[in-house]
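[1] 3D model of this:
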Amino acid sequence: MKHRRRNIVRRKNTTTGRRHSTSKKIALFILAVLAAMMVYGLIVIVLNRPEQNSFSAPVEVSSGITLPEEPVKRTLFYDRSGNPVFFDEKSGISATYHEEIDTLVFTKTAPGDGVIKRADRWVSITEDQRKKLKEIVFGDGISEIFAVEFDSFKHYDSLQTVVFRGDIEKIGDFAFSQSENLRTVRFEGKCHEIGRGAFVDCQSLTKDSINIPKGCDVAPDAFLRTALDVTSTNEEK
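    Here you go, the predicted structure:
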């Protein structure tokens, strides 16, 4: 009898041990599956997360489908005074909007092509700020190949002053057109070319309100419908 009881106890212990072993294996398997699912989920989130500094604007195509443009690498941060600073990686140019004086300052702060192309696409000042903007300054350090491209600052109603502190390769076509209150354009360096219609319909400009550098190639219609005598300016070169 005693021998039988010992055998029964051993069998029970063996069965219980097997059950515990099986339970542990099942628990470990479930934990492994859950861990794998969590890792997979994190990978999916990372791969599908949009890059924080990438922005894209839609492009209309002839088929009627709207496709995104290639993302523009830009960064938004704030200076010590709390002013928003926008940095464009391709051009290497930073744009700081000083709201207290309604002034936008462009500065070459990193390697890049130094070309501003449609600044309104990457300098995200609000519509209210754009309407109040009084002065734009192109600061020191901007490279010679810098150019204000096609209608970058067209129709800025409150714009009164534009200052070029460095050498400018080109002010592009219609860059500042229809800025009716633009009264002062000051060059502190060289300017190689002013494109067609660059200041067309800037009705507040006069011959005394802009100092076009000698040797600058000015398009015949750069100052169309303004008081500036471009013909005599070109003859003085």
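[2] what segments of the protein are strands?
    For the chain, applying DSSP state E gives strands covering 54-55, 58-60, 66-68, 72-78, 84-88, 93-98, 103-108, 135-138, 147-148, 161-164, 170-171, 184-187, 193-194, 217-218.
[3] doesn't Thr184 make contact with Gln160?
    Yes. The criterion here is Cβ atoms under 8 Å, and Gln160 meets it with Thr184 at 6.7 Å. Any C-beta I mention is one placed from the backbone N, CA and C, and that applies to glycine too.
[4] of all the strands of the chain, which one is nearest Asp128?
    strand 93-98 (11.7 Å; Cβ to Cβ).
[5] surely Ile93 meets Gly114?
    Yes. Using Cβ under 8 Å, Ile93 is in contact with Gly114, at 6.7 Å.
[6] between those two, which one's more packed in?
    Using other Cβ atoms under 10 Å, the more surrounded residue of Ile93 and Gly114 is Ile93, with 28 against 19.
[7] OK, contacts around the more buried one?
    Applying Cβ atoms under 8 Å, 6 or more residues apart in numbering to Ile93 gives the contacts Phe87, Phe106, Thr107, Lys108, Thr109, Gly112, Gly114, Ile116, Ile142.
[8] if we use 6 Å, what do you get?
    Taking Cβ atoms under 6 Å, 6 or more residues apart in numbering as the contact definition, Ile93 lies against Phe106, Lys108.
[9] and the one 10 residues further on, by the same measure?
    Neighbouring residues of Thr103 by Cβ under 6 Å, 6+ apart: Glu135.
[10] bridging residues for it?
    Under DSSP bridges, the beta-bridge partners of Thr103 are His98, Glu135.
[11] once you drop chain neighbours, what's closest to Arg225?
    Nearest residue to Arg225, sequence neighbours excluded (Cβ to Cβ, 6 or more residues apart in numbering): Asp201, at 5.1 Å.
[12] wait, His155 touches Phe176, no?
    No. His155 is not in contact with Phe176 according to Cβ atoms under 6 Å; the separation is 9.3 Å.
[13] who's more crowded, those two?
    Neighbour comparison, His155 and Phe176: the larger count goes to Phe176, with 28 against 14 (by other Cβ under 10 Å).
[14] show me where the chain has its helices.
    For the chain, the helices defined by DSSP state H occupy 2-48, 127-132, 230-235.
[15] ok, how many other residues are close to Ser23?
    For Ser23, the neighbour count with other Cβ under 10 Å is 10.
[16] same question for Ile194.
    Other residues within reach of Ile194, judged by other Cβ under 10 Å, total 28.
[17] enumerate every residue touching it.
    Ile171, Val218, Ala222.
[18] for ChimeraX, what selects the buried ones among these?
    A single ChimeraX command selects the buried members of the contacts of Ile194 (16 or more other Cβ atoms under 10 Å):
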select :171,218,222
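[19] what is the nearest of the contacts of Ile194 to Lys25?
    Comparing those against Lys25 with Cβ to Cβ places Ile171 closest, at 75.4 Å.
[20] quick one, domains of the protein?
    1-49, 64-235 (automatic domain parsing).
[21] buried set for stretch 213-226?
    So stretch 213-226, judged by 16+ other Cβ under 10 Å, has buried residues Pro213, Cys216, Val218, Ala219, Ala222, Phe223, Leu224, Thr226.
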